[in-house]
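[1] Pasting the sequence and the predicted model now:
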Amino acid sequence: MIDVLAELTELEENDGFVRRHIGPSDSELTAMLATVGAASLDDVAAKTVPGSIRSNGALDLPPAIDEAAAIAELRAFASRNVLKKSLLGLGYHGTVTPPVILRNVLENPGWYTAYTPYQAEIAQGRLEALLNFQTLIIELTGMEIANASLLDEATAAAEAMAMAHALGKSKSNVLAVADDLHPQTLAVLKTRAKPLGITLQPVAPGDVAAVGAANPFALLLQYPGTTGAIRDLSTEIAAAHEAGALAIVATDPLALTVLTPPGEMGADIVVGSAQRFGVPMGFGGPHAGFFATRDAFKRAMPGRLVGVSLDAAGQPAMRLALQTREQHIRREKATSNICTAQVLLAVIAGFYAVWHGPAGLARIARRINLQARILADAALRAGLTVRHGDFFDTIVIEGAPDLVERAAEAGFNLRPVDGGVAIALDETITRVDLIALSGLLGAEAFGGETASSLGAVASIPAPLSRGTPFLQGAVFNQHHAEHEMLRYLKRLEDKDVALNRSMIPLGSCTMKLNATAEMIPITLPGFADMHPFAPADQTEGFLAVIRRLESWLCAATGFAAVSLQPNAGSQGEYAGLLVLRAFHESRGEGHRDVCLIPSSAHGTNPASAAMAGLKVVVVACDKEGNVDLADLRAKAEKHAANLAALMITYPSTHGVFEGAIRDICTVVHQHGGQVYMDGANMNAQVGLTSPASIGADVCHLNLHKTFCIPHGGGGPGVGPIGVAPHLAGFLPNHPLRADAGPETGIGPVSAAPFGSALILPISYAYIRMMGPAGLKRATEVAILSANYIARRLRESYPILYAGPGGMVAHECIIDCRGFAQEAGVQVEDIAKRLQDYGYHAPTMSWPVAGTLMIEPTESESKAELDRFCDAMIAIRAEIAAIGAGRLDRADNPLKHAPHTAHEVMADVWTHAYTRAQAAYPLPFVAAAKYWPPVKRVDNVYGDRNLVCTCAPLEAYAQAAA
């Protein structure tokens, strides 16, 4: 008899997403298994992952559901959130994402699946968009240089504190902080100041004497203040300078379209958030923090900087400049561990400015200010007192004890502030809203027949009114019609390589598929329009998603508790180390401050350790790339009295599962230390083993690597941390939301209680649609794919590291160092030549100089893996031809790569090799040709002639002539 229910279950295909996420078909998997010499996926895992750490049981996760069901489930959660107009301010405001940007950037995989623009030639579109953002920030703030975004306003302020401390001529350890700073910024500063030995000294706004008396290394001011007040900061800044201190100003960029810029008042560093430039509040992020400073400080500035240079043909081209990966170069001497920027969000903010232009931005700002003035006038007419006479968008009504409650009933969230109520107006406020708010204040409603009673108080005094023009460049003044904007966005997108074009085989950075079904929920209003400090009873849907995701990540890692607050992998590293330090302090062992780090570690590891107040001791690796156990034992014993932690990546940064990992953890624990596992390679563990079972005490996860959030061209990121039971009480918390973490926690590491919460539905959907079996299968296929590539390439390129039986983990490193002697070819030449094939290069010269680290992920089909391998093999043949003298050592396709359409189509062809070999080296290339828009970029020229704002490209060409 036919089992009807079984047949129905099979036809329903609740786990159908797994098949769509995992690229190779069953027949392709069979062929790949044969190539690597394995009988099954389980056999691949058995040959790769040490049996001593293998997990036998299935992950404790709900079974998979299909895409429609997952989207419906998340829609239901979004609908549980109560959407009111949140006029709470605190650096978060309602905004309108222009539909042309929403559809063509935020919802477009051409923008959200791209990688960080380290390969500049195939990232010219993103780099131009980021140059727009830098120009926007420089001109609004009145500063000389700005980076291409940080994580949020609070952490940007903390970066400014650290930079000022490092640069300051004063030997002081005091940061003077104005009392009207946003409270979440103050809280993050407290967390970050403690391990650096910095003391925060509050000063009253405008109290010049207090600034001098504090003897600070820097002064931090908020403009406008957290309750809306604006004032001339010049005298306070002058007092700071007189005391030998630097002046930092946290500000609102929209306000700066109508207010005097901080740079004109003498500020040295200006920080803030670009959220209200078209980026949804999203319950706290992701948002583009900004950082601007004086040109003299540019080499100390944290984060990434886009600059303009020239390509090999002498044409203008953009690239990342100066200390772009400073933490990887300087390691424990770095002043910042920033790795992830908020590129996608900075791009959106920059495009928002392009779309509206200077006049449009100023109009929005003036409208908001007028609405605030009208509301203030309504309050005064109703006999109420308005705390500040000078303001931009926020007023405080004194008294009115029941106003918050009455406003909530009317659909508005207002903020109680020490005896008053703050109302922060934004771009979304309509005339109907204004009438309702006026009515709540007891004033006669305006409009219609009563319009003649409408009034507006003055709020921006003449000395604070902006007199300097901004955004006069062409790009901000010619794309205001939708056709023009749409075509501009398309032109930039087409210049880049993203996952919607081809595989991005980066080792360590794991460019996985970001499925469309996972992305849909983030634009649901119930998620996108939620203020991070909305009342808890309005955010039950978000909290349900957060709690479920936390429990699922606990199941995947084996840990007891997870915090989702860190909004980048670097922040996760930092938070994890602070948790370990707090644990030691709770046991009376606060003196433990030595952190052991293998020589192969990510550069952010030693930088994070230094920021957490730890002393870095490097542990050697053996010739196989594994931790040298003898050296570890010796150094653990030597530093036993002060050993705080070991930071280790697993599988290793060399792409190998170290068999001695449990012994490594045991050595550290025996000497009183804790084990911090860098979760960069967690995607090789899920379903097969776990950090907790291996012996780790804390581990950060990169959601953009293992759990499918989009890389966004270099960010957003989320770096949650999981901890063992004895560390759960020290996880990050937040002063503005009690349920964000334990009362005994280390304090906040990000501005919002749950970090970049808008990203979390993406990982929720991924785990929900994959289920426990699907997640395990993804890990197995990722390992198989890496071994398949290693087997296909090993006849052409030496595989640098492998485990027992010649198996690699989820990534492999090919050794290109011998090509310099054979043919004069460097690893960079191979990377640039791959661009002619339409591919982004693997990770170049890391963790070993002169190598390429390749990671295919589970989402690439065998056909795509083969195309990439064919390209690599063809390049190796070209190298051999150079070595044999069949191609010239200087004039060959590798040295002159990439080749642009302009070069190939020129009347004169000057190379010894053919145009066809340059542009169409294999048949598949011609079928979908990608043309790099520029030739190889001259980084040295760009750093010597640093230009970090946008201008017509002709201007750069003329300047270089």
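    It's in.

[2] that's a strand at N104, yeah?
    No. Assigned with DSSP: H, G, I helix; E, B strand; the rest coil, N104 falls outside any strand and is helix.

[3] That one reaches L489, doesn't it?
    Yes. The criterion here is C-beta atoms under 8 Å, and N104 meets it with L489 at 4.8 Å. Where C-beta positions appear, they are placed from N, C-alpha and C, glycine not excepted.

[4] out of those two, which sits in the more crowded spot?
    Per other C-beta atoms under 10 Å, whichever of N104 and L489 has more neighbours is L489, with 25 against 19.

[5] what is the rounded mean pLDDT of stretch 527-534?
    Averaged over stretch 527-534, pLDDT sits at 98.

[6] Could I get the buried residue list for that stretch?
    Neighbour counts over stretch 527-534 (16 or more other C-beta atoms under 10 Å) mark F527, A528, D529, M530, H531, P532, F533, A534 as buried.

[7] Would you quantify the distance from C699 to M611?
    For C699, the distance to M611 (C-beta to C-beta, to the nearest Å) stands at 18 Å.

[8] repeat for V627
    23 Å.

[9] now do T257
    34 Å.

[10] swap in I460?
    Using C-beta to C-beta, one gets 39 Å for the distance from I460 to M611.

[11] Which one's more surrounded, those two?
    Taking neighbours as other C-beta under 10 Å, I460 and M611 compare with M611 leading, 25 against 19.

[12] give the contact list for the more buried one.
    By C-beta atoms under 8 Å, 6 or more residues apart in numbering, the contact list for M611 reads A162, R192, P195, L196, S336, N337, Y574.

[13] cool, and T141?
    Residues counted as contacts of T141 (C-beta under 8 Å, 6+ apart) are T251, P253, L256, P261, P262, G263, A267, V270, F290, A292.

[14] run the last query once more with 10 Å
    249, 251, 253, 256, 261-264, 267, 269-272, 290-293, 470 (C-beta atoms under 10 Å, 6 or more residues apart in numbering).

[15] Could you do G357 as well?
    R363, L471, V475, F476, N477, Q478, H479, H480.

[16] The same query, at a cut-off of 8 Å, please.
    Contact analysis of G357 by C-beta under 8 Å, 6+ apart lists L471, F476, N477, H480.

[17] and the longest helix belonging to the chain, which residues are buried?
    Secondary structure of the chain per DSSP state H: the longest helix is helix 343-381. The neighbour-count check on helix 343-381 (16+ other C-beta under 10 Å) flags 343-358, 360-362, 364-365, 368-369, 371-380 as buried.

[18] How about stretch 737-750?
    Neighbour counts over stretch 737-750 (16+ other C-beta under 10 Å) mark R737, A740, G741, P742, G745, I746, G747, P748, V749, S750 as buried.

[19] now for those residues, which pair is the farthest apart?
    P742 and S750 (16.1 Å; C-beta to C-beta).

[20] Now G695. Its backbone dihedrals?
    Dihedral angles of G695 (phi, psi; degrees, to the nearest 10) stand at phi 130, psi 0.

[21] In this structure it contacts C665, no?
    Yes. Counting by C-beta under 8 Å, G695 touches C665, with 3.0 Å between them.

[22] Need the overlap of contacts for those two.
    Among the neighbours of G695, those also in contact with C665 (C-beta under 8 Å, 6+ apart) are V675.

[23] Please enumerate the helices of the stretch 851-961 of the chain.
    Applying DSSP state H, counting those that start in this stretch to the stretch 851-961 of the chain gives helices spanning 862-883, 901-904, 915-919, 923-927, 939-944, 953-960.

[24] K495 contacts P933, doesn't it?
    Yes. Between K495 and P933 there is a contact under C-beta under 8 Å: 4.6 Å.

[25] quick one, which of these two is more surrounded?
    P933 (22 against 19).

[26] For the more buried one, list the residues it contacts.
    Counting by C-beta under 8 Å, 6+ apart, P933 touches E121, Q124, K495, T900.

[27] With C812 instead?
    Taking C-beta under 8 Å, 6+ apart, one finds 507, 655, 786-787, 789-790, 793, 799-802, 853-854 in contact with C812.

[28] same thing but at 7 Å, please
    The contact partners of C812, by C-beta atoms under 7 Å, 6 or more residues apart in numbering, come to G655, A786, I789, A790, I799, I854.

[29] cool, G142 as well?
    P261, P262, G263, E264, T468.

[30] So for it, what's the pLDDT?
    pLDDT at G142 comes out at 98.

[31] can you offset everything so residue one is 35?
    Will do, 35 is the new start, and the previous item becomes G176.

[32] any idea how far it is from A393?
    Taking C-beta to C-beta, one finds G176 at 19 Å from A393.
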